[in-house]
Every structure is written in structure tokens, then in C-alpha cells.
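Enquirer: Sequence first, predicted model second:
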Amino acid sequence: MRWSVSLRAEGDRLLALEEIVALADAVAPMEGIASGIGTMTYGAQLVIEADSADEAVNLAVPAFEQAASLAELPAWPLTGAEVVGEDEEFPDEG
């Protein structure tokens, strides 16, 4: 099953456009997107193939850390993780 895993790391300085673009390039092979321009956090949403949500997070964390390293971002601590399966239903709005 495919899972969308969102991870976030928080630190002590504002991040520049170039840094988040580098992170976006690093997570692109995982169908990923990056966020954090002008904030003291950086994050990414990755698509992970796994049997369970827990396994998806366990696979996503090192992939996220490797992408951050590749983008030459600081090794800040993770402050959040969210996971949604492709087959999970979202609540109806309206």
C-alpha cells in the first residue's frame, strides 16, 4: 500500500528559498514535496510503499533525514510526523 508521510524538523534559524528548493530536489524521487521557506522548520511529504502506517513512518524518517543531508540542511530534530494511506477516506466536507 502507498502512504503519504509528512515529516517536519524544527530549528533555530530561518530557512532560505534555496535551501527548501534543494530539499524539494532531494525528495522528488519519492514523489515528495518540500516546505519551510522563511520559517524555522523544514518539512517534506513523501510517498512510501509499505504494509502498515508504522512501517511507512519507519521507512520515511531515514529517507527524510538523508534528503535533508543531501540538501545540506541542518540536522534538526523531528517535531512532527503524519501518515495517510491512499485507501483511507477523508471526512466529507460540506
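Expert: Noted; the coordinates are in hand. Quick caveat: nothing in here was measured; it's all calculated off a predicted structure.
Enquirer: At which residues are the helices of this structure located?
Expert: Counting by DSSP state H, the chain forms helices over residues 17-27, 53-70, given from the N-terminal end onward.
Enquirer: Using CSV, please lay out those together with mean pLDDT and mean neighbour count.
Expert: C-beta: built from backbone N, CA, C; applies to glycine. CSV is the format used below for these (pLDDT from 0 to 100; neighbours: other Cβ atoms under 10 Å):
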stretch, mean pLDDT, mean neighbour count
helix 17-27, 98, 18
helix 53-70, 98, 17
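Enquirer: Among the ones you listed, single out whichever gets nearest to Ser4.
Expert: Distance to Ser4, taken as Cβ to Cβ, is lowest for helix 53-70 among the helices of the chain, at 8.6 Å.
Enquirer: Let me see the contact set for the most centrally placed residue in the chain.
Expert: If you average the C-alpha coordinates of the chain and look for the closest C-alpha using Cα atoms, centre = their mean, you land on Ala44, 2.4 Å from that point. Ala44 makes contact with 6-7, 23, 27, 32-35, 64, 67, according to Cβ atoms under 8 Å, 6 or more residues apart in numbering.
Enquirer: now do 6 Å
Expert: With contacts defined as Cβ atoms under 6 Å, 6 or more residues apart in numbering, Ala44 is in contact with 7, 27, 32, 34, 64.
Enquirer: Turn the helices of the chain into TSV, including distance to Thr79.
Expert: Putting the helices of the chain into TSV (distance: least, Cβ to Cβ, whole Å) gives the following:
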stretch	distance to Thr79
helix 17-27	16
helix 53-70	12
